[in-house]
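> Pasted the sequence and its predicted model underneath.
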Amino acid sequence: MYEQMLGRATRLCPGIDKTTFTVFDAVGITELMRGSAMRPVDRQADKSTEDLLNILGDPGLRDRALASKGDGNSEAGEENGEVPSYAEEVRRSLILKLRRLLSRALKLASTPEVKPLLERLEALFDRKAEEIVPFLESLPAESLGLILQSKLATLRPLLKALEKALQQGRDIPIDVTGDTFISAHTDYGGGCTSPYEYLRRLQDFLKAGESNADIKDSLNAPWLLIYERLKLVSDALFDDAAHFTATSLKQALSELLHAELTAEDTAQSKSQKSKTQDSEASENAEPALALPDIQSGNSDEVSAIEERFAVSLKTLPLVPLLRALQVLDPEKPLKGQLSLFDFGSAVDAALARTAKALSLQDKLTFLKLLAAALKSEGIYDDKRYNLAPAIRQKGGVKILNQRLDMRLNEFMLTLLKECYLS
């Protein structure tokens, strides 16, 4: 659907002087689909109608196609759970091409260029033009091939002539120079296009949200939240005035870090270059000092930092995300505050302390299951935890509570406080 949308957008429209188009991406699919390997339903789309006719109409090629397996993605044969033959895939692609061709031809059946060609097709197959494709489609690949074999010498030039007739006088608005990407603009919500400003607005919103009990507890006492209340927090964030979503907030953080690291890398590159030039200009100059952290032009290290941060953000639940943003200092580099968003490490450290404090080290196998669920949810809710495959496999929260000597609630309350207060 995404590629179809782009295909429609790239159509030119001289009547309104259309030369560009804009994609409004609310879910981040543009980046996800960059370099997409998606293919059309027609598995043999790269082959011409003549190529497909030859494969089925030539006895030798047809026999080899019948003996070969297709790519396993064709709809043909799926009802039997079998991988269709290559010949079946060719048959299906040929039917698709013939259907498109005759569909266009029938719309122009009364024109002097198309009418005689359709009459010759009808005579060749001894049936009306609109019945030809349904008839051919009803035949398996081998039977279709035998029919085509007997008609191939006449059919190939006839279809070529029909395609040529349909092209005559047809205005195809194709720009041979191709499309050019101009720019991308991110609207985080409420017309805010700056990641820095968006995060500042969120911090102001959280301060003002102290009067909202759900937001207040998500910031100050997340151990009191259950999933139903968490949904109210999400609703309060994404109202008509706020427009804050976890996806947009994470995107803003990622872009802010990228801009910061790129600027730092560029500045250090220029500094290193300047030092090198000064060193060459003076015979007695001392060697330039090594730059700290990201070395000049070291895009690999920049990418590694961004990748680690992206991994942390990807699984970061809403509550720890809000708490991290609450204490984030926007006046300081984000690079030095990345640990605020590493909720997984915070849970691991809190797990060790909690297990020791409650003398539950011998139950560590079960505690790790609960800790993994906390990393995913950010709060404790037995209904949500029961949905976790690993916990469900052990019999659910109720069985885990028995394994922990009925101390599960005590453990989770202590673990949550260790995570959020330490």
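Sure thing, it's come through.
> quick one: L108 from T365, how far?
Look at L108 and T365: by C-beta to C-beta, to the nearest Å, they are 73 Å apart. For glycine as for every other residue, the C-beta is placed from the backbone atoms N, C-alpha and C.
> Between these two, which is the more surrounded one?
A side-by-side neighbour count of L108 and T365, using other C-beta atoms under 10 Å, places L108 first with 15 against 9.
> what does the strand or helix carrying A304 rub up against?
In the assignment (DSSP states H and E), A304 maps to helix 299-314. Applying C-beta atoms under 8 Å, 6 or more residues apart in numbering, the set of residues contacting helix 299-314 from outside is 250, 253-254, 257-258, 261-262, 265, 294-295, 335, 338, 341-344.
> relative to helix 299-314, how tilted is whichever helix or strand comes after that helix?
Using DSSP H and E, the next helix or strand after helix 299-314 towards the C-terminus is helix 318-327. Computed with axes from the mean of the first three to the mean of the last three C-alpha atoms, to 10 degrees, the direction of helix 318-327 lies at 120 degrees from that of helix 299-314.
> Show me which residues of helix 318-327 are buried.
318-325 (16 or more other C-beta atoms under 10 Å).
> gap between the two ends of stretch 305-324?
Taking C-alpha to C-alpha, to the nearest Å, the first and last residues of stretch 305-324 lie 18 Å apart.
> now swap in stretch 400-416 and tell me
17 Å.
> Begin at 48, not 1, for the rest of this chat.
Right, with 48 as the first residue, what we last looked at is stretch 447-463.
> Provide the contact partners of that stretch at residue level.
Contacts of stretch 447-463 (C-beta under 8 Å, 6+ apart): 269-270, 394, 397-398, 401, 404-405, 407, 410, 413-414, 416-418, 421, 426-427, 438, 441, 444.
> Let me know how buried L249 is, in neighbour terms.
For L249, the neighbour count with other C-beta under 10 Å is 25.
> let me redo that: E136
27.
> go on, the one 3 residues further on?
Residue crowding around R139 was assessed by other C-beta under 10 Å; the count is 22.
> Repeat that for S469.
Counted with other C-beta under 10 Å, S469 comes out at 9.
> From V394, how far out is it?
In terms of C-beta to C-beta, S469 sits 11 Å off from V394.
> same question, K410
Taking C-beta to C-beta, one finds K410 at 16 Å from V394.
> looking at this, T69 is in a strand?
No. Under the criterion used here (DSSP: H, G, I helix; E, B strand; the rest coil), T69 is coil, not part of a strand.
> Mind picking out the helix or strand in this protein with the poorest mean pLDDT?
When the helices and strands of the chain are compared on mean pLDDT, DSSP states H and E, helix 76-79 comes out lowest with a mean of 66.
> tell me what whichever helix or strand comes after that helix is packed against?
Where DSSP H and E defines the elements, the next helix or strand beyond helix 76-79 is helix 96-104. In terms of contacts (3 or more C-beta pairs under 8 Å, 6 or more residues apart in numbering; DSSP states H and E), helix 96-104 is packed against helix 106-114, helix 133-154, helix 188-214.
> any idea whether R58 is helix, strand or coil?
R58 - assigned by three-state DSSP - is coil.
> Counting neighbours, what do you get for it?
By other C-beta under 10 Å, neighbour count at R58 equals 10.
> and it, how far is that from F68?
For R58 relative to F68 (C-beta to C-beta), the value is 9 Å.
> re the thing from before, can you flag the buried ones in the contacts of stretch 447-463?
Counted by 16+ other C-beta under 10 Å, those give 269-270, 394, 397-398, 401, 405, 407, 410, 413-414, 416-418, 421, 426-427, 438, 444 as buried.
> quick one: contacts for K441?
413, 416, 447, 450.
> All set, thanks.
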